[in-house]
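Participant: pasting the sequence and the predicted model now:
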Amino acid sequence: MSSEAIWFGSAASMLAGVATGAGALPVLFVRNFSDRLLDVMLGFSAGVMLAATFFSLLIPAISVGGIWVAVLGIVLGAMVLHLADRLVPHFHPALGEEGHPSKLSRVWLFTLAVTIHNFPEGLAVGVSFGTGDIAAGLVVAVAIGLQNMPEGLAVALPMLREGYSKRKSLGYSTLTGLVEPIGGLLGVALVSVFHQFLPWALAFAAGAMLFVVSDEIIPESHRKGFERQATFGLVVGFIVMMLLDSLFA
């Protein structure tokens, strides 16, 4: 594995994480957004993540390591996210407070929830570069960056409602995305040093992404009565990622 892949993987996961802050930029100019629009955008994020899981992570994992490595890797990724969800205090708007009891404010608990969510996305970008296919890695990074934008807005808006200034809401939202470069560097470095772990890492990232989509994004996008609109957002997001993967990877 070349140092070029490590450099590209680290830089791409950084840019994908910064996209979280770019998505939060509208809070500097507009204070209120319709719930319908936000749910459609979250549905779009879910669709992008699902397609990236299938086309960019699972198919290469099965191709390199076989079906049983993929199965075990998915289970492992989902279980690690499950344990993090149980142990780390955080807050989901749809499900309330989860994890160990904490005296942190609800906004910080929500920020922790998004941070748990963002780490596997960074990992997915990193291990996708670990395949040695730079084009495929760039497609995953672009897809993760696209789906990070509505998430950044979804973090910044509750902070505004809790009384944080526009600048602080934007800044904290951006910080939640900066955990992604850590996951990206870890992923690409791991599979670069231990190349035999590549199919395991791809399947692990896929399991973690599936857990986040099913446990967090879809329930949140269906919470306010716009389930059908969010579903069409998901379909559009899936198609966009499928086209990106087919045309450029």
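Facilitator: Alright, I've got the coordinates.
Participant: helices and strands around the longest helix along the chain, which ones?
Facilitator: Secondary structure of the chain per DSSP state H: the longest helix is helix 134-161. Contacts defined by 3 or more Cβ pairs under 8 Å, 6 or more residues apart in numbering; DSSP states H and E place helix 134-161 against helix 3-24, helix 35-51, helix 106-130, helix 166-177, helix 227-248. Yep, even glycine has a C-beta here, placed from its N, CA and C like the rest.
Participant: and if we set it to 10 Å?
Facilitator: Applying 3 or more Cβ pairs under 10 Å, 6 or more residues apart in numbering; DSSP states H and E, we find helix 134-161 packed against helix 3-24, helix 35-51, helix 106-130, helix 166-177, helix 180-193, helix 218-221, helix 227-248.
Participant: next, the buried residues of it.
Facilitator: For helix 134-161, the neighbour count (16 or more other Cβ atoms under 10 Å) marks 134, 136-160 as buried.
Participant: quick one: residues contacting Gly130.
Facilitator: Contact partners of Gly130, counting by Cβ atoms under 10 Å, 6 or more residues apart in numbering, are 1, 5-6, 9, 60, 137, 187-195, 197-198, 201-202.
Participant: what is the burial count for Val30?
Facilitator: Val30: 9 surrounding residues under other Cβ atoms under 10 Å.
Participant: Gly183 too?
Facilitator: Neighbour tally, Gly183, other Cβ under 10 Å: 23.
Participant: just checking, it touches Ser13?
Facilitator: Yes - Gly183 is within contact range of Ser13, at 6.7 Å (criterion: Cβ atoms under 10 Å).
Participant: wait, is Lys224 part of a strand?
Facilitator: No - Lys224 is assigned coil when assessed by DSSP: H, G, I helix; E, B strand; the rest coil, not a strand.
Participant: measure it to Leu42 for me?
Facilitator: 10 Å (Cβ to Cβ, to the nearest Å).
Participant: likewise Glu121?
Facilitator: Distance check for Glu121 against Leu42: by Cβ to Cβ, it reads 14 Å.
Participant: those two: which is more packed in?
Facilitator: The neighbour count for Glu121 versus Leu42, taken as other Cβ under 10 Å, is higher for Glu121 (32 against 28).
Participant: and the most centrally placed residue in the chain, what does it touch?
Facilitator: Nearest to the mean C-alpha position of the chain, by Cα atoms, centre = their mean, lies Glu121 at 3.9 Å. By Cβ under 10 Å, 6+ apart, Glu121 lies in contact with 13, 16-17, 20, 49, 52, 140-141, 143-145, 147-148, 151, 177, 179-180, 183-184, 205, 208-209, 212.
Participant: and if you look at His90?
Facilitator: Residues counted as contacts of His90 (Cβ under 10 Å, 6+ apart) are 84, 97-100, 102, 104, 106, 108-117.
Participant: what subset of those is buried?
Facilitator: Counted by 16+ other Cβ under 10 Å, these give 84, 97-99, 108-117 as buried.
Participant: ramachandran angles for Val179?
Facilitator: When quoted as degrees, to the nearest 10, the phi and psi of Val179 stand at phi -80, psi -20.
Participant: what's the burial count for it?
Facilitator: For Val179, using other Cβ under 10 Å, the count is 20.
Participant: contacting residues for it?
Facilitator: Contacts for Val179 (Cβ under 10 Å, 6+ apart) come out as Ser13, Gly17, Thr20, Val114, Thr115, Ile116, His117, Asn118, Phe119, Glu121, Gly122.
Participant: rerun that using 8 Å as the cut-off
Facilitator: Gly17, Thr115, Asn118, Phe119, Gly122 (Cβ atoms under 8 Å, 6 or more residues apart in numbering).
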